[in-house]
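Q: A predicted structure for the sequence below; I have some questions about it.
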Amino acid sequence: MDSFSVLRNTAVAVIAISVIGGASAAPAMAEQSTTTQGAQTSQGIHVATWKMRVTVKAHKIHRAPAPTRTMSKAYAFRLVSRRAWPSTQFQCLDSLWTRESNWNHRAYNSGSGAYGIPQALPGSKMGYVAEDWRFNPQTQIRWGLRYIKGRYGSPCGAWGHFQSHNWY
């Protein structure tokens, strides 16, 4: 059990303060004790022990969030599945968007002005899905799938066009 767990599980911490001839010395840590009475030592030093409650915040373990790329692919897979498209359609979509933007929701083509995972041209077209299109990969994916369905019928149709013309 680590020291944070011990402190967190122990609700009472005991601090001993030595007082020498009426002047206080630096506080010292003492053995854990349940007594609250003072004691006179043979050297004339009065030692008193008090109980006090201590709240220790647990150390949070910060896990790195899943990469946006992984989460975006999982979201796109769910949307492809909901459309009752077979898994081969997701494979085509993955190939297409890996080639276009590598699933980077902030990808920007300075030559054409295309933006986002689906490389919408102009990127502002994705605004009719939601206003957060610049920084929300889910908005970009929803727009991209609507675009692909409307123009090519399916992701494999879009991927086939891309392979023939180097654009979709």
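A: Looks like it came in fine.

Q: residues of the helix or strand hosting residue 74 that come out buried?
A: Using DSSP states H and E, residue 74 maps to helix 68-82. Of the residues in helix 68-82, 69, 72-73, 76-77, 79-80 count as buried by neighbour count, 16 or more other C-beta atoms under 10 Å. Heads up, the C-betas are built off the backbone N, CA and C, glycines and all.

Q: ok, now stretch 139-152?
A: 139-145, 147-148, 152.

Q: same question for stretch 90-97.
A: Using 16+ other C-beta under 10 Å as the test for burial, stretch 90-97 gives 90, 92-97.

Q: okay, these in TSV with secondary structure and pLDDT next?
A: Formatted as TSV, the buried residues of stretch 90-97 follow (DSSP: H, G, I helix; E, B strand; the rest coil; pLDDT from 0 to 100):
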residue	secondary structure	pLDDT
90	helix	97
92	helix	97
93	helix	97
94	helix	97
95	helix	97
96	helix	97
97	helix	97
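
Q: may I ask which helix or strand of this protein has the lowest mean pLDDT?
A: Ranked by mean pLDDT, DSSP states H and E, the helix or strand of the chain with the weakest confidence is strand 12-20, at a mean of 41.

Q: just checking, what packs against the helix holding residue 74?
A: The helices and strands touching helix 68-82, judged by 3 or more C-beta pairs under 8 Å, 6 or more residues apart in numbering; DSSP states H and E, are helix 87-100, helix 137-152.
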